[in-house]
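Participant: this is the structure alone, sequence omitted:
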């Protein structure tokens, strides 16, 4: 088992990574004594796929637990879902000595974390991410929240989990589209922080796409190490943590323009390509390195061109309500070399238009 510690003092927590750990979670939670009772929150698909295995693990360890569900998909990530789930918790008599378990992908983790942060003004929660995207990114760091019509994740909190359990074996049943959805976030870490990891991703592409669990565990662990280190240094995104938004400025805008029909990771991939082109256009990122990033994204089967049905004007309208926009000016994370980035709002409207019309 690999254990990575997110160093946040008395709010720090472990990320446990192991093939088959799902069966051992009950015993581990019993030992950690985080709560007297748990409510597992999952979408309808994951509840059917993995809910029984988790509930069996909890029951075998003598851990009291209930399972509640909500409809699958980003369309459920809104305040109405949170209100409905909060009512379910109240009906079950959940109190401050109890805790939630998020079993699922990024949507489930975001909803459950937000619910935990606000139910009875805060109860503990645990993350069990079941998609690659959630395992390498959204389950770590304490960002929670939901969407509103004006934009993605505009209502939320910073609220850290008590523990994160990552079972690499669940990726074997992950649909191909969901694997691709997570790979954009994986590539992101190489571009923003670790050139050696970027090279590793290029060299191990076939093994990763073939779902070699040994290689995937290496990938997941390195991503969690980077995310954990960044979060420990800047939990609330005052400075360093903003580098994790590479690809997310335009990516979120494209995702919103699609009315969230486009998967988050695919939108982030498009955003990373756009960020590389912006950086090259500003003359701060060598053209050959920009091409190398775009090539790796394409090699992993991710699109590199924004669909024609989304106009530049439409995408730019969503930039204005993005959390990364300050005083009406969007901030971009732009690479200066593979492994290093800068955060800047010094990007001209003309350059944005040029990249969006690429």
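Facilitator: Done, it's in. Since this is a predicted model, take the numbers as computed values, not measurements.

Participant: Three-state assignment for residue 101, please.
Facilitator: Using DSSP: H, G, I helix; E, B strand; the rest coil, the structure places residue 101 in strand.

Participant: let's have the chain start at 29 instead
Facilitator: Let's use 29 as the start, then, which means that last one is residue 129.

Participant: pairing partners for it in the sheet, please.
Facilitator: Beta-bridge pairing for residue 129 (DSSP bridges): residue 68, residue 154.

Participant: so it sits right up against residue 92, yeah?
Facilitator: No. Checked against CB atoms under 8 Å, the pair residue 129 and residue 92 is beyond contact range at 12.0 Å. Where C-beta positions appear, they are placed from N, C-alpha and C, glycine not excepted.

Participant: joint contacts of those two?
Facilitator: Residues touching both residue 129 and residue 92 by CB atoms under 8 Å, 6 or more residues apart in numbering: residue 66.

Participant: the two: who's more crowded?
Facilitator: residue 129 (30 against 12; other CB atoms under 10 Å).

Participant: so who does the more buried one touch?
Facilitator: Here residue 129 is in contact with 66, 67, 68, 69, 82, 93, 140, 153, 154, 156 (criterion: CB under 8 Å, 6+ apart).

Participant: give me that answer again for 7 Å
Facilitator: By CB atoms under 7 Å, 6 or more residues apart in numbering, the contact set of residue 129 is 66, 68, 69, 153, 154, 156.

Participant: so residue 299 sits right up against residue 284, yeah?
Facilitator: No. In this structure residue 299 lies outside contact range of residue 284 using CB atoms under 7 Å: 11.7 Å.

Participant: residue 224 sits in which helix or strand?
Facilitator: Taking DSSP states H and E as the criterion, residue 224 maps to helix 223-231.

Participant: in that helix, which residues are buried?
Facilitator: Residues of helix 223-231 classed as buried: 225, 226, 228, 229 (neighbour count, 16 or more other CB atoms under 10 Å).

Participant: with distance to residue 106 and pLDDT added, can I get these in JSON lines?
Facilitator: Below are these laid out as JSON lines (distance: CB to CB, whole Å; pLDDT from 0 to 100):
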{"residue": "225", "distance to residue 106": "35", "pLDDT": "98"}
{"residue": "226", "distance to residue 106": "36", "pLDDT": "98"}
{"residue": "228", "distance to residue 106": "38", "pLDDT": "98"}
{"residue": "229", "distance to residue 106": "34", "pLDDT": "98"}
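
Participant: between those residues, which is nearest residue 361?
Facilitator: Nearest to residue 361 among those is residue 226, at 15.4 Å by CB to CB.

Participant: just to check, the closest one is in contact with residue 219?
Facilitator: Yes. Between residue 226 and residue 219 there is a contact under CB under 7 Å: 6.3 Å.

Participant: distance check, residue 230 against residue 249.
Facilitator: 18 Å (CB to CB, to the nearest Å).

Participant: before we move on, the earlier item: quick check: neighbours shared by residue 226 and residue 219?
Facilitator: Here residue 226 and residue 219 have residue 366 as joint contacts, going by CB under 7 Å, 6+ apart.

Participant: from the contact counts, what lies against the helix ranked longest in the chain?
Facilitator: Longest helix of the chain, by residue count under DSSP state H: helix 241-261. When contacts are defined as 3 or more CB pairs under 7 Å, 6 or more residues apart in numbering; DSSP states H and E, helix 241-261 sits against strand 30-34, strand 41-45, helix 204-220, helix 233-237.

Participant: return the residues in contact with residue 190.
Facilitator: When contacts are counted by CB under 7 Å, 6+ apart, residue 190 touches 41, 62, 152, 153, 154.

Participant: ok, back up a step: can you redo the buried residues of helix 223-231 as a markdown table with distance to residue 292?
Facilitator: Compiled in a markdown table, the buried residues of helix 223-231 are given as follows (distance: CB to CB, whole Å):
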| residue | distance to residue 292 |
| --- | --- |
| 225 | 21 |
| 226 | 21 |
| 228 | 23 |
| 229 | 19 |
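
Participant: nearest to residue 306, of those?
Facilitator: The closest of the buried residues of helix 223-231 to residue 306 turns out to be residue 226 (CB to CB; 18.9 Å).

Participant: let's see if you can find the most crowded of the contacts of residue 190.
Facilitator: Within the contacts of residue 190, neighbour counts (other CB under 10 Å) peak at residue 153, which reaches 28 neighbours.

Participant: so what's that residue closest to, chain neighbours aside?
Facilitator: residue 144 (3.6 Å; CB to CB, 6 or more residues apart in numbering).

Participant: pretty sure that neighbour is touching residue 130, no?
Facilitator: No. Checked against CB under 7 Å, the pair residue 144 and residue 130 is beyond contact range at 8.3 Å.
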